[in-house]
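J.: Let me see the structure of the following:
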Amino acid sequence: MPAESVIPVDPIPPAPGASSHVVRRTASFDGHRVKYSVVGSGPTALFLHGWGLRPNAYGGAIEAMASAGCRVYAPALPGFGGTRELDPEQRTFSGYARWVGHFLDSVGESRVALVAGHSFGGGVATAFVHGQPYRTSALLLANAIGSPTWALFPNEVRTMMQRPFWDWGRHLGSDILSSPELIRLLPTILESFIPNLLQNPLGMLRTGEFIRRADLVEEVRTIARFGIPVTVAWSDRDGLVPRSAFDDLRRAAGVDGVVVEGAHSWLIADPAGFRELAISALVDSGALTTRSVRAR
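T.: As a prediction, the model looks like this:
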């Protein structure tokens, strides 16, 4: 990250059954089973994964987030990780947001200090906080979808709907192959991506088409008006979510945004950097208090 902050936080009593390592569990609601990961102790936080993946791929990032001082729940979103796909009429961001609310109810959490989402999960996180703002104190968006802007030209703005499928695939591959952590990152991502592709290939395509139509800029603006702190982060080598999309979201949130080094999946390769963002967002939420801040 371009700057490093060290933020000591007040100690938090452990939650019952809390662990410093990810524990995988199963919840049941609406007549279906949902696998989820949970780790840490303290104020409750929620992490929502990206398209084609599942919480397993983010093990290091989730543990790092929890080490910031919170108890993190990370469910496998509908259509991924064995979770049943939403019914056609529910396949909207509002439908995903309601699903997230049902998941939190099933694990006995009425309110969370922080909702964090990566990529597609960032879009779902935005919809959830917008639809149920009384349940959340802060929002953290990492390379999140939600802007309809694909590319800016002198006399033209091209939308995500105009972006050809081959361009998505090209950047998806280069995102992984360009990472300096390729040897460690590739098996982690494929361990999640391949099972999802084999179990529900049509569902992945349907969700991909759904993502292309995402326009959540006004929702982010409304969340900021509610007084809910929004952190918008983006990585400088991200080809999947372009800079123009990041700029749309940070401007809607009324913040400068945070630019880190890395590709689209940077938080998988750099859990420590993601921990810094989580600490800052938890402080903004009021769940953690700072005693001092040292930056260089």
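J.: how far away is Glu89 from Glu218?
T.: 22 Å (CB to CB, to the nearest Å). C-beta coordinates here come from the backbone N, C-alpha and C atoms, glycine included.
J.: no no, Gly108
T.: Relative to Glu218, and taking CB to CB, Gly108 is found at 32 Å.
J.: Contacts for the host helix or strand of Thr231, please.
T.: Using DSSP states H and E, Thr231 sits within strand 230-235. With contacts defined as CB atoms under 8 Å, 6 or more residues apart in numbering, strand 230-235 is touched by 138-144, 220, 223-224, 241, 243, 246, 249-250, 253-255, 257-264, 266, 277, 280-281, 284.
J.: Tell me what the residue nearest the centre of the chain is bridged to.
T.: Closest residue to the average C-alpha location of the chain: Gly117 at 1.4 Å, with CA atoms, centre = their mean. When bridges are called by DSSP bridges, Gly117 pairs up with Leu48, Leu141.
J.: Hmm, it is touching Ala127, no?
T.: No: using CB atoms under 8 Å, Gly117 is not in contact with Ala127, being 9.6 Å away.
J.: Need the contact partners of stretch 47-54.
T.: 35, 55, 57-58, 61-62, 65, 72-77, 80-81, 100, 115-122, 124-125, 189, 192-193, 195-197, 204, 207-208, 211, 265.
J.: contacts for the helix or strand encompassing Val115?
T.: Per DSSP H and E: Val115 is located in strand 114-118. Contacts of strand 114-118 with the rest of the structure, by CB under 8 Å, 6+ apart, involve 43, 45-50, 58, 65, 70, 123-126, 128-129, 136-144, 265, 267, 278, 281-282, 285, 287.
J.: can you give me how far it is from the chain middle?
T.: Distance of strand 114-118 from the chain centroid (CA atoms, centre = their mean, to the nearest Å) equals 4 Å.
J.: With just CA atoms, put it into CSV.
T.: The C-alpha coordinates for strand 114-118 follow below in CSV (Å, rounded to 0.1, in the frame of the first residue of the first chain):
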residue,chain,number,x,y,z
LEU,A,114,-18.6,-3.9,9.0
VAL,A,115,-19.7,-5.4,5.7
ALA,A,116,-16.8,-5.9,3.3
GLY,A,117,-17.1,-7.2,-0.2
HIS,A,118,-14.7,-8.0,-3.0
